[in-house]
Every structure is written in structure tokens, then in C-alpha cells.
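Novice: Pasting a predicted model and its sequence here:
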Amino acid sequence: MPEVLIIMGSKSDLPVAEKATALLKRFEISYEMAVASAHRTPKRVEELVKDTDASVLIAIAGMSAALPGVMASFTTKPIIGVPVSGKMTLDAILSIVQMPPGIPVASVGLDRGDNAAILAAEILAVNDEKLRKALCDYRKEMADKVLKDSKEVSDVQS
């Protein structure tokens, strides 16, 4: 049973999804991926969302980016929308962040599949101490890298 379901609006969204899967693997979070279009295969979207045992769903979509909202209409599970950059970047962002009252979708930045995975992990970590510790360790690694980078920059100036 996957803990996270990732649905991409099209196969071209795979590079964004791979950012998510890399971190889900790191945190040992099980996941499934599928391609389903809110406009071209709405029944498939509905089936995937209604049939999943996953606790958190990630929707990756560009252009009109209706996928996260459509997914949210079929479930009360948390949906994390990832807008994909392209010709209609602003449309993708607004489609995800401007959901109507009562049907929320969380949103991360453009192409930020990695942040979607972290947010999914944070949601799952509410009831998982081991995962919570892994997230804290990850944040420490990021902080240590910034400090190392700062030292390298300072050393160059000397």
C-alpha cells in the first residue's frame, strides 16, 4: 500500500515527479505514480483518487492545472498541488492556489516536486516519530551545507 500517490497530468511532468520520488525514497516513504488528465481522462482521475489507500496525494500539472482541484473534489485526503512551469506558468499557479472555499489544495512552488515530497513527509510524520526525526536530520544537513558554503565563500575572499 503506497503512503503517497503522485498523479501527473501528462508524462512530460515526469522530471518534476522525479524530484518528489527522490526524496520519498530517501525518507523510505512508499509511493505510486500515474498519469491521468483532469480534462482528457477525468474518470481515470476519479478512480485513482477514490481507489487509493495512500494517505497523501500529490498532483503535478501545468497549463490550466485543474488536476489538483479535480482530485480534491473526490477526497478529503490532503492534496499537494505542484504547478509546472511552461507557456502558461501564471495560469498553473493560480489554478492551484485559487481553490474555492471548502475544497482546499496545498500548493508548493513551480516545479517543486521536492517540496511536495517534504510536505507529504511532514503530514505523514504527524503520527510517525521515526519520520519526524529523519526530517529534522534532513533540515540539519541543509543548514550544515549553507554553513559550509558560507565558509568556502569567506575563504575565497581571504
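Specialist: Yes, it's here. All values derive from a computational prediction rather than experimental measurement. Numbering: from 1, shown residues only.

Novice: From now on I want contacts and neighbour counts done on CA atoms only, so please keep to that.
Specialist: Will do.

Novice: so how far is residue 128 from the residue most central in space within the chain?
Specialist: Closest residue to the average C-alpha location of the chain: residue 116 at 2.6 Å, with Cα atoms, centre = their mean. Going from residue 116 to residue 128 by Cα to Cα, to the nearest Å gives 18 Å.

Novice: returning to what we had before: pretty sure the residue nearest to the centre of the chain is touching residue 83, no?
Specialist: No: between residue 116 and residue 83 there is no contact under Cα atoms under 8 Å: 10.5 Å.

Novice: Overlap in contacts, these two.
Specialist: Listed contacts common to residue 116 and residue 83 are 107-108; contacts here mean Cα atoms under 8 Å, 6 or more residues apart in numbering.

Novice: what's the span of stretch 69-85, first residue to last?
Specialist: Terminal residues of stretch 69-85 lie 18 Å apart, using Cα to Cα.

Novice: Mind giving me the packing neighbours of the least confident helix or strand in the chain by mean pLDDT?
Specialist: Sorting the helices and strands of the chain by mean pLDDT, DSSP states H and E puts helix 89-97 at the bottom, at a mean of 90. Judged by 3 or more Cα pairs under 8 Å, 6 or more residues apart in numbering; DSSP states H and E, the packing partners of helix 89-97 are helix 67-73, strand 79-83, strand 106-107.
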